[in-house]
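Peer 1: got a predicted structure plus its sequence, pasted below:
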Amino acid sequence: MSNSHSLRPPTSVSEIDHLHLLSEHLGTLVSSEEYSDVTFLVEGKRFPAHRVILASRCQYFRAMLYNGMKESQPQAEVHLQDTQAEAFSMLLQYLYTGRASLTSARQDVLLDFLGLAHRYGLQPLEDSTCEFLRTALHTQNVCLVYDVASLYCLQGLSQACCSYMDNQAPQVLASDGFISLSKTALLAVVQRDSFASTEREIFQALCRWCRHNDDDPAATQEVMSAVRLPLMSLAEMLNVVRPSGLLTPDHLLDAIQTRSESRDMDLNYRGMLIPEENIATMKHGAQVVKGELKSALLDGDTQNYDLDHGFSRHPIEEEGHSRSGLQIKLGQPSIINHVRLLLWDRDSRSYSYYVEVSMDELDWVRVVDHSKFLCRSWQELFFQARVCRYVRVVGTHNTVNKVFHLVAFECMFTEKPYTLEQGLLVPSRNVATIACGATVFEGVSRSRNALLNGDTSNYDWDSGYTCHQLGSGAIVIQLAQPYMVGSISLLLWDCDNRSYSYYIEVSTNQQQWTKVVDRTKLACRSWQTLLFDKQPASFIRIVGTHNTANEVFHCVHVECPAQLYSEVKEGSPGSDLPGSDSKSQHALPVTQPARPSSSSSSSLSPSQGGGV
């Protein structure tokens, strides 16, 4: 019997991976005199090395050792300044083996090791060391780490240090590391609005820093200017600041004047910064201090509510009367720029309201004003970042009765980009969706919100569209809140070769309407993507004026804003829309979807002028 099959290697070893052996064997050459052809002198210690290995692993050493200079000569000795021997030993270990033990390294060695990685352009090593340091921050080392991160412009590590110091400000101020910060790093820390300690604690810590660095009077003056004196009480200014002698009487008098003449919300307060996290929760110490049925507002339940429970409320008062509204006290002064509200939406009612913030419950700043607009369901609200302790939501109108109902309240600081015009959000995504709280307010369809369900393929003679009789009524969509919009997309019913004419109006209150699109004298079909000058809009009204087949206008899908952005000139080849005389309207290239199969048996078919 032939045994040729026994010579075939098993499948499991068809790929050989002995990287660990390679690393171990090269590791035996670290600091070995054997085969070495260059020696580094660091803090009086000699480190023999192999130029070909260093050059293959690091562009910096390749340039140093093979550029024809004296370092490139056989058996050359290279003196390295401003480098710790332990850190350089770690670096050689990494270059030869791809490994480095960070946990066992002393703090000063680890930071010097990071400096070597940065100096020699070893980006993966720098990133990994920064990541380790981010996980190892504590009050005694964060200032030292921040100083180094600032020196080497390591943005990620610097931001991690700042966030840690923001959250542990009193402990950081009391640490030994604080007085060893460089002046530049010190000012970058204490000038942050999010460095949330009391001004007295900051002042006393800066006094400590100045005594430790008393060789530069100009630096002392610059550092003390970072103290926000108007945030201190009169007693603190007289009994704590004045005896120090570090600030002049004029500084104190100016601060007292600013404190007495400024509105409370105009003072440059400090507050906690917790990005992308809802801080209006019991976990963060928030509570509802004014309003009826307080317990429902911050419980996080946005699903279980009906006519009887699951919401907080307050009576809507007449214009000019005192408005208490629903008031939330945050756990501590905090920086916020984003509020989310869920208005009660179990029927078709709409609300109007405004949002204000305060530090002391006396001086309020209105950050969102939707008191003249009709709104429903979820509200995504953005405004300029502010430090506040109190937030209140005041209802001004309900289309059904005289009570304002709020199901959920969230507030936070977000770093996500947003654009405001005239105080209204300019949306970058389609907000005419069910998920965004939009609804079809008027129009005939088998399914109330078929126009907004995102389905642009499944429509035929019988279903998948919304319609209205020509000369009577319209299709009206209500967005959840007022937006600044400048584009709309429509999909007109196109299962045959008919064409339509129409116009589009927008409104914020259903009383005053602005015409933004006029296609009454054009024959239009299938996809329509339209641009116009930005307008505030809570309602979109689409009015059909002509159908070449019957007396009904049929629309399958609506997007606002349009999600197609490659503008073409009006009437150009490839445009789905004919040219227009309006200078503010343009056609965009779109792809017409495949037409679904149609059925002519339905009594509701568009060919017969039908609707649901």
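Peer 2: Noted; the coordinates are in hand.
Peer 1: make it CA atoms for all contacts and neighbour counts henceforth
Peer 2: Fine.
Peer 1: the closest residue to residue 482 other than its chain neighbours: what secondary structure?
Peer 2: Nearest in space to residue 482, with sequence neighbours left out and distances taken as C-alpha to C-alpha, 6 or more residues apart in numbering, is residue 538 at 4.4 Å. Put simply, residue 538 is strand when judged by DSSP: H, G, I helix; E, B strand; the rest coil.
Peer 1: could you chop this structure up by domain?
Peer 2: 35-136, 282-418, 439-608 (automatic domain parsing).
Peer 1: select, out of the ones you listed, the one closest to residue 187.
Peer 2: Evaluated over these, closeness to residue 187 peaks at domain 282-418, with 19.8 Å, by C-alpha to C-alpha.
Peer 1: quick one: distance of the closest one to the chain centre.
Peer 2: Offset of domain 282-418 from its chain centre (C-alpha atoms, centre = their mean, to the nearest Å): 21 Å.
Peer 1: stretch 45-52 too?
Peer 2: Stretch 45-52 sits 48 Å away from the centroid of its parent chain (C-alpha atoms, centre = their mean).
Peer 1: do the same with stretch 443-463
Peer 2: Between the centre of stretch 443-463 and the centre of its chain there are 34 Å (C-alpha atoms, centre = their mean).
Peer 1: buried residues in that stretch?
Peer 2: Within stretch 443-463, the residues that count as buried by 16 or more other C-alpha atoms under 10 Å are 443-445, 448-453, 456, 459-463.
Peer 1: need the pLDDT of residue 98.
Peer 2: Predicted confidence (pLDDT) at residue 98: the value is 86.
Peer 1: going forward, begin numbering at 744 instead of 1
Peer 2: Yes, from this point I'll number from 744; that puts the last item at residue 841.
Peer 1: buried residues in stretch 947-960, which are they?
Peer 2: Under the neighbour-count criterion of 16+ other C-alpha under 10 Å, stretch 947-960 has 947-953, 956 buried.
Peer 1: just the helices from the stretch 944-1093 of the chain, written as ranges.
Peer 2: Assigned by DSSP state H, counting those that start in this stretch, the stretch 944-1093 of the chain shows helices spanning 960-967, 977-979, 985-987, 992-1004.
Peer 1: show residues contacting the last one.
Peer 2: Helix 992-1004 is contacted by residues 972-974, 977, 980, 985, 1010 when judged by C-alpha atoms under 8 Å, 6 or more residues apart in numbering.
Peer 1: quick one: buried ones out of the residues you listed?
Peer 2: Buried members of these, scored by 16+ other C-alpha under 10 Å, are 972-974, 977, 980.
Peer 1: redo those as a markdown table? Include distance to residue 960 and pLDDT.
Peer 2: Formatted as a markdown table, these follow (distance: C-alpha to C-alpha, whole Å; pLDDT from 0 to 100):
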| residue | distance to residue 960 | pLDDT |
| --- | --- | --- |
| 972 | 20 | 93 |
| 973 | 23 | 93 |
| 974 | 25 | 92 |
| 977 | 26 | 91 |
| 980 | 21 | 92 |
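Peer 1: show me which of the residues you listed is closest to residue 914.
Peer 2: residue 974 (20.2 Å).
Peer 1: pretty sure the closest one contacts residue 1012?
Peer 2: Yes: using C-alpha atoms under 8 Å, residue 974 is in contact with residue 1012, at 7.1 Å.
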